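A.B. asks: this one's sequence-less:
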């Protein structure tokens, strides 16, 4: 079945460390997105990519980085510059906005 | 600026009661409209979508939503709430083809026995 796979489900990071969250899709979607979710704050856009080798900053890109070397993959790196990285991270993809987004199951990152 | 507003961050209903979750958007052009549901520690799942074929849209789990252009609304309803409906619900709007979705702030639905 086609879908989006995020891994790992749970991730623990020590302060000062970079960590990379994986997002892979086999839906042949061009556009991919990363969102951050905190309690009571809805979804906030971190980065998005509408085509391979191109990506744009979202509303809260500081302290994060991404790459889009393959259509199927859009990894997110949470760097040590992100001061409050503990959150639930969601990846999504879409083939056209009229079809809506397909979401992964999320990664919960906790800084210890 | 284009926006999506979900009235009420928390809604509580009794089991068997009507569920009504409100969504309003700002746009003069009929948009693409979606409702998503999110269960704890999971991603968002598409409940239903409006893409101009019919103003009343039926979705999964007995939910439906009605597009009202004059009110710029797309409220989500279910005639009889079930305990399993307890979740967070997000309204999302695509304001024109090719643009990204804009999400509302979410409404947490609680169902009391």
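C.D. replies: All right, it came through fine. Note that the structure is predicted; figures quoted are calculated from it, not measured. Residues are numbered from 1 along each chain as shown, chains lettered A, B, ... in the order given.
A.B. asks: tell me which element residue B:33 falls in.
C.D. replies: Assigned by DSSP states H and E, residue B:33 belongs to strand B:32-38.
A.B. asks: contact partners of that strand?
C.D. replies: Outside strand B:32-38, the residues that touch it by Cβ atoms under 8 Å, 6 or more residues apart in numbering or on different chains are A:97-98, A:100, A:103, B:21, B:23, B:25, B:44-51, B:59, B:61, B:63, B:65, B:67, B:74, B:76, B:87-94, B:97, B:101, B:106. C-beta: built from backbone N, CA, C; applies to glycine.
A.B. asks: please list the residues of chain A that sit near chain B.
C.D. replies: Selection of chain A residues close to chain B by Cβ under 8 Å from any Cβ of the partner chain yields A:4, A:6, A:31, A:33, A:40-43, A:45, A:48, A:88, A:90, A:92, A:94, A:96-106, A:108.
A.B. asks: report the beta-bridge partners for the residue most central in space within chain A.
C.D. replies: Closest to where the C-alpha atoms of chain A average out (Cα atoms, centre = their mean) is residue A:34, at 3.1 Å. Beta-bridge partners for residue A:34, by DSSP bridges, are residue A:47, residue A:91.
A.B. asks: kindly report the same for residue B:32.
C.D. replies: residue B:94.
A.B. asks: for residue A:56, see how far away it is.
C.D. replies: Counting by Cβ to Cβ, to the nearest Å, the separation of residue B:32 from residue A:56 is 21 Å.
A.B. asks: quick one: which of these two has more around it?
C.D. replies: Per other Cβ atoms under 10 Å in any protein chain shown, whichever of residue B:32 and residue A:56 has more neighbours is residue B:32, with 21 against 12.
A.B. asks: which regions of the chain sit below the pLDDT cut-off?
C.D. replies: Since no chain was named, I'll use chain A. Scanning chain A for pLDDT under 70 picks out A:1.
A.B. asks: please go with chain B instead
C.D. replies: B:1, B:97-98.
A.B. asks: what ranges do the strands span in it?
C.D. replies: For chain B, strands defined by DSSP state E occupy the ranges B:4-5, B:10-14, B:19-21, B:24-25, B:32-38, B:44-50, B:56-58, B:64-68, B:73-78, B:87-94, B:101-103, B:107-112.
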